[in-house]
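> The following block contains a protein sequence and its predicted model.
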Amino acid sequence: MHLEIRHARVVMTLAEAGSISKAAAKLSLPQPSLTAQLRRIEKAVGGDLFVRSAFGITPTPLGERLIPMLADLATRADAVVAEASSLSSGILRIGNAEWTPVTLRRALQSSLPSVEVQTVTLDPALGVDAVSRGELTAALIPSPEAVDGVRDLDPSLAKEIIVREPIWLALPRDHALARRTTVSRRHMVSLSWVQHVPGHWFHPVEEHLFRKLDHPTPEVLHYAGGHAEAMSWVRDAGAAALATPTGSTKDVSLVAVTEPLRSRLLLVWRPGSIHPNTLRQLIDALRRYYCEYARTIPRYWNWMTERPTDFPELANFLPRPSRWWPRDSGAEQPGGGPTPRTAAT
């Protein structure tokens, strides 16, 4: 018998399930049929891959060597099928965290008229997994910088930073601190907070900041499931919250934080799955849209335009201070533009 891709999937499922009965259920096969298949596979590779016991199955020394190779074969085969399907269908499936505005999809479709753009909102970890499996062409993934507890991205995926976004303080509009340009940690000690639930991508950011406060166990009024819910608690309950400027809502006030944390908005994709020209257009469209959305947040837009060196990825889309571009210099000034309101940032 020659080994086939389906045999690799059988072995991978057995290893993941840890028992023949559980693997049979996952594969929708009768247990005797799966057992017979495994025997044929083991005969083909020249030895047992698993040791059977009352507690399930465990890899043999031969299995420890071959099972990862077979699992990789199955995964790569699935990726080939998904990639071929995506390229032949002319569809770009883009994932985004928290929520996806209609204007983002329209901006991407306008910049990429030769393909059909489809968008989906999902948890960042699920987005990475979907890209790895070929279910998404690419995904926008928020990744806080210098914060413990943030999941490392799959090293097999390609990635590029779309923007590095600061993390600010969101406050009710009538709060005394809302009139300040910046706040420091000492201002935050007495605040009541809305925090994101453990498991949410933003939760490690909050925990990181709270550990730095003089009073590291602040009062938390509520644990929210997402940015929009957190902002409603800021507005209606008088709570404070950390937020990226584009993750806030217009009915709260934003104040910059001294010594701020930053969150990188990453685009991740499988190497070779997007034509280089299409990839460049996609990245430029995302950065342009980010700037367009930032323009709708005056305090943040002013911050960005006054500190262009803090946003190196947006250099081609931010207006430079006029003093940098003398009228008689003959230099061509780059034009400004906007980027996504992705609560993924």
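Alright, I've got the coordinates.
> what about R264, neighbour count?
By other CB atoms under 10 Å, the residues close to R264 number 17. Heads up, the C-betas are built off the backbone N, CA and C, glycines and all.
> whoops, I mixed them up, L318
Using other CB under 10 Å, L318 has 22 other residues around it.
> pretty sure it contacts E306?
No: the pair L318 / E306 is not scored as a contact, 10.2 Å apart, by CB atoms under 8 Å.
> Can you show me the helices along the stretch 51-200 of the chain?
Using DSSP state H, counting those that start in this stretch, the helices of the stretch 51-200 of the chain run over residues 61-89, 102-111, 124-133, 185-188.
> With respect to R288, which of the ones you listed lies nearest?
Closest approach to R288 among these is made by helix 102-111 (7.3 Å; CB to CB).
> in that closest one, what counts as buried?
104-105, 107-109, 111 (16 or more other CB atoms under 10 Å).
> Could you do stretch 57-66 as well?
For stretch 57-66, burial by neighbour count (16+ other CB under 10 Å) applies to 57, 59-60, 63, 66.
> Contacts for stretch 62-75, please.
Outside stretch 62-75, the residues that touch it by CB atoms under 8 Å, 6 or more residues apart in numbering are 5, 7-9, 11-12, 15, 45-50, 59, 133.
> Contacts only, for the residue most central in space within the chain.
The chain has I141 as the residue nearest its centroid, 1.8 Å off, counting by CA atoms, centre = their mean. Counting by CB under 8 Å, 6+ apart, I141 makes contact with 97, 124, 127-128, 153, 159, 265-268, 344.
> Low-confidence ranges, this protein, go.
Scanning the chain for pLDDT under 70 picks out the ranges 1, 78-89, 147-152, 214-216, 321-345.
> about what we covered before: give me the beta-bridge partners of the residue nearest to the centre of the chain?
L266 (DSSP bridges).
> on that earlier part again, just send the buried residues of stretch 57-66 back as CSV, with distance to D310 too.
Shown next, in CSV, are the buried residues of stretch 57-66 (distance: CB to CB, whole Å):
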residue, distance to D310
I57, 54
P59, 50
T60, 55
G63, 52
L66, 50
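> of all those, which comes closest to L169?
Among the buried residues of stretch 57-66, P59 lies closest to L169 (CB to CB), at 51.0 Å.
> got a list of what the closest one touches?
By CB under 8 Å, 6+ apart, the contact set of P59 is 15, 49-51, 67.
> Out of these, list just those in strands.
Among the contacts of P59, the members found in strands (DSSP state E) are 50-51.
> And the contacts of P59, which is closest to V194?
Set against V194, the nearest of those by CB to CB is A15 (42.4 Å).
> Identify the residues contacting V255.
Counting by CB under 8 Å, 6+ apart, V255 touches 168-169, 171, 177-178, 180-183.
> and if you look at D284?
Per CB under 8 Å, 6+ apart, neighbours of D284: 111, 316.
> before we move on, which element is it in?
helix 276-294 (DSSP states H and E).
> helix or strand right after that helix?
Going down the chain from helix 276-294, the next helix or strand is helix 298-306, by DSSP H and E.
> Tell me how far that following helix lies from the chain's centre.
Relative to the chain's own centre, helix 298-306 is displaced by 25 Å; criterion: CA atoms, centre = their mean, to the nearest Å.
> Equivalent analysis for stretch 131-138, please.
12 Å.
> same deal with stretch 2-22?
Offset of stretch 2-22 from its chain centre (CA atoms, centre = their mean): 30 Å.
> repeat for stretch 257-271
The answer for stretch 257-271 is 9 Å, by CA atoms, centre = their mean.
> returning to that earlier point: buried ones in the helix holding D284?
Neighbour-count burial for helix 276-294, counted by 16+ other CB under 10 Å, picks out 279, 281-283, 285-294.
> Determine which two of the residues you listed are furthest apart.
Using CB to CB, the two most remote members of those are L279 and A294, lying 22.9 Å apart.
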